[in-house]
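**Q** no FASTA, just this:
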């Protein structure tokens, strides 16, 4: 078997500004295979966006990677690359699209300038070829009148169109991995359906792997093959998408699925997980980070952090309920 | 089935003028809400759904006269509240409350929970200071906050708790009618479920009527008795929740419902993917507002705006496909 496109090993991210020190992401392990669509799910503050920023080495100060490695193609450790080498990776081998396409595009430059900027960095085409490629790319992402759109500015476009432009910019160098951080959260449902379909089609065409970061389980069910669930900076469960929805293991995953599924049945009370999503200050102590909200809490959960158990082929869960299972790591 | 009507909106219009940059002359209008009518019955939840820019929030704000409507009538308990003077409308405002999407920006960061919750009581002269204090503590219990939190400031709370404060603030004047403008959209899934449960409990306990404005169809399906679907400032379909989700008639509603991501990865849903974007409301298309994106567009849709009619009992649709008028054969040929 060939190397995975991306392999994250024991990644921990901490906030350290000299006065305070919090651990925000702890011991993340994941593998994304070639052409795979991988979903990373979690609520706000679960560390899903931080993990993706760490892949691109874009963590803002005072956040730092404390330990761990991020291997691209099995050999390049992204955490150890020099600045210049990183520039070669970003936009070329890994690209990223964000939630809010308006803030991700520069309002002062034309669409043409922003698309060609990527090519100027990463290709040896002359200007005419670059422009042809840009027009071809815009047609691919479903923009009619691409020549006119190229001359325009971001504010002249609707939210859906801007997200299409972002996808065009991200995919123009045929990257190996596309990180999509809540790509459809700011969009309307009918536009969301368009964009998800477009991303699916293009990733097939370009053989690009996708890391889809979202809080919306519906989006995951529609697009992904494998899923990892994050809670309070840790991956609590990881498996293929069918198993996740049919046979979830971790109490947090079960709670999330229940609260989504009971929507629509007005005769019953909506299932809800009690309590609040903890902030990083609250979960620094020993024990499982979900324990205070967990319906299946046992005494061990409060004092000792559970290891990650292997509970099936390709299915791991970080919970003391699986104490009989084989320990995968942790 | 004949429940008492609490709110009736008739032919409501809200147009925002577009001024030229030089002489401030009005050069056009954004028809944010263009001639919509609906009724809300006592103790029910009526939802307005639609995509961004369809006018659902403008409708909500017009009812509370946070925006003065351009024309139309709004009856609350049989009286046209648009004829009220400012001062008499203010007296009515304790009955009509609103909860907004973003609890981060709708609570004054410099006021404690106690001050925030007492303010409406004191403004409306509903209680003396001592009584108000007791009422604040009571209402905090109702929405799931503890009285130890009374002296805290909004930034000390999480998003879900802040939305609880907003709900308490709306409830404290004993209102009858609450407009919830995307009240749960900014919350995480696990917190959203808590707040929805709370809203439903409070509705039963205080016999409240909700106007629920949202773009999230799953949530709407869960909370509503009846739903109105808006597109480009107009109501395109309105009926009770079950018929809307089981048998949507308008092509726009059909595509909206088909676009909801399913939560079962083994079922691939038959999708109706719409072409293009919502048109510019300052320059709406002729004929049916939806005809540019409609998968079932007919010749007539380009020219004539469809009437908003009751095609089945309590099921209103504005679409030529269901029009009662006899249409000519050539009008109904499918164009493409």
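**A** Yep, it's here. Every value quoted in this text rests on a predicted model; they were computed, and no experiment measured them.
**Q** Report the contact partners of residue B:215.
**A** With contacts defined as C-beta atoms under 8 Å, 6 or more residues apart in numbering or on different chains, the neighbours of residue B:215 are A:188-189, B:49-52, B:56, B:182, B:185. The way it works is simple: take the backbone N, C-alpha and C, and place the C-beta from them, glycine included.
**Q** Separate out the buried members of the residues you listed.
**A** Buried members of the contacts of residue B:215, counted by 16 or more other C-beta atoms under 10 Å in any protein chain shown: A:188-189, B:49-51, B:56, B:182.
**Q** Residue A:61: which of the contacts of residue B:215 is nearest?
**A** Set against residue A:61, the nearest of the contacts of residue B:215 by C-beta to C-beta is residue B:185 (31.9 Å).
**Q** In contact with that closest one, which residues?
**A** Residue B:185 touches B:101, B:214-216, counting by C-beta under 8 Å, 6+ apart.
**Q** Quick one: residues contacting residue A:77.
**A** So residue A:77 contacts A:69-71 (C-beta under 8 Å, 6+ apart).
**Q** Show only the entries of these found in strands.
**A** The members of the contacts of residue A:77 that map onto strands under DSSP state E are A:69-71.
**Q** Pick out the residue closest to the middle of chain B.
**A** Centroid-nearest residue in chain B, with C-alpha atoms, centre = their mean: residue B:213, separated by 2.6 Å.
**Q** For chain A, what's the nearest residue on chain B?
**A** residue B:261 (2.9 Å; C-beta to the nearest C-beta).
**Q** Could you give the number of residues near that residue?
**A** 20 (other C-beta atoms under 10 Å in any protein chain shown).
**Q** Contacts for the helix or strand where residue B:10 lies, please.
**A** Here residue B:10, judged by DSSP states H and E, is contained in strand B:5-19. The contact list for strand B:5-19, computed with C-beta under 8 Å, 6+ apart, reads B:25-42, B:55, B:58-59, B:62-63, B:67, B:69-78, B:176-177, B:209, B:211, B:282.
**Q** now residue B:66: how far from residue B:293?
**A** 31 Å (C-beta to C-beta, to the nearest Å).
**Q** out of those two, which sits in the busier spot?
**A** residue B:293 (19 against 11).
**Q** Could you confirm the more buried one falls within a helix?
**A** No - counting by DSSP: H, G, I helix; E, B strand; the rest coil, residue B:293 falls outside a helix, being coil.
**Q** tell me the contacts of the closest residue in space to it that isn't next to it in sequence?
**A** Nearest residue to residue B:293 in three dimensions, chain neighbours excluded: residue B:274, at 4.8 Å (C-beta to C-beta, 6 or more residues apart in numbering or on different chains). Residues in contact with residue B:274 (C-beta under 8 Å, 6+ apart) are A:190, A:193-194, B:255, B:259, B:293, B:295.
**Q** now do residue B:151
**A** With C-beta under 8 Å, 6+ apart, residue B:151 has these contacts: B:112-114.
**Q** mind listing which of these are in helices?
**A** Among the contacts of residue B:151, the members found in helices (DSSP state H) are B:113-114.
**Q** top of the contacts of residue B:151 by neighbour count?
**A** residue B:113 (26 neighbours).
**Q** That one against residue B:152, yeah?
**A** Yes - at 5.7 Å, residue B:113 counts as touching residue B:152 under the criterion of C-beta atoms under 8 Å.
**Q** Tell me where the stretch 1-150 of chain B has helices.
**A** Secondary structure of the stretch 1-150 of chain B by DSSP state H, counting those that start in this stretch: the helices cover B:56-63, B:86-92, B:113-123, B:129-142.
**Q** What are the buried residues along stretch B:151-163?
**A** Buried residues in stretch B:151-163 (16+ other C-beta under 10 Å): B:154, B:157-163.
**Q** Nice, that's everything, thank you.
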